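# Let me see the structure of the following:
(one chain, ligands or ions: 1)
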Amino acid sequence: MPYDYDPQNIFARILRGEIPNKTVIETAHTLAFHDIAPQAPVHVLVIPKGAYVCFDDFAARASAEEIVDFHRVAAQICEIADGAENSPRGYRVISNAGVAGVQEVPHYHLHVLGGRALGRMLAQG
Ligand code: AMP
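Sure, this is the predicted structure:
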């Protein structure tokens, strides 16, 4: 089912420069920036610059160039999370989608989390 993209979502506003962000990496197609409410010592969001709502929207519609660029940036952020000081190695990548996935911002993003032991993947129930 196609998605309607809301151009007023907060990440679209960040991409237009209307709202500041703490950028970690920026490329032609991708922006990585610190989450405003970090849930781990490293909590970086990776977003495509194109108007995609969620993972399957991006995977289905983005160009090969966008998809490669996005994942190369994500890999660099994962390396940062993996090498965080005073933490066991490793990291977690999460992408929430829709109501069931409790997605707050309807612009596709990965959460890259690390810098501490992160616990189990899902809360029970
Ligand atoms: P999700 O629930 O997967 O849509 O996650 C949205 C994430 O965006 C949350 O972790 C928020 O803390 C984060 N967030 C919301 N507004 C901003 C902002 N202005 N700058 C950085 N992160 C934000």
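
# so what's Glu65 up against?
His29 (Cβ atoms under 8 Å, 6 or more residues apart in numbering). Quick note: C-beta positions are derived from backbone N, CA and C, even for glycine.

# what about 10 Å?
Contacts for Glu65 (Cβ atoms under 10 Å, 6 or more residues apart in numbering) come out as 28-29.

# which element is it on?
helix 64-82 (DSSP states H and E).

# buried stuff in that helix?
66, 69-70, 73-74, 76-78, 80-82 (16 or more other Cβ atoms under 10 Å).

# Over to stretch 37-51?
Neighbour-count burial for stretch 37-51 [16+ other Cβ under 10 Å]: 40, 42-51.

# Identify the residue nearest the residue nearest the centre of the chain in space, chain neighbours excluded?
Centroid-nearest residue in the chain: Leu110, 2.4 Å away (criterion: Cα atoms, centre = their mean). Among residues not flanking Leu110 along the chain, Val46 sits closest, at 4.4 Å (Cβ to Cβ, 6 or more residues apart in numbering).

# Looks to me like the one you found is in a strand.
Yes - judged by DSSP: H, G, I helix; E, B strand; the rest coil, Val46 forms part of a strand.

# pLDDT value on it, please?
Looking at Val46, its pLDDT is 99.

# So what sits opposite it in the bridge?
Ala32, Leu110 (DSSP bridges).

# Would you confirm that it contacts His71?
Yes - between Val46 and His71 there is a contact under Cβ atoms under 10 Å: 9.0 Å.
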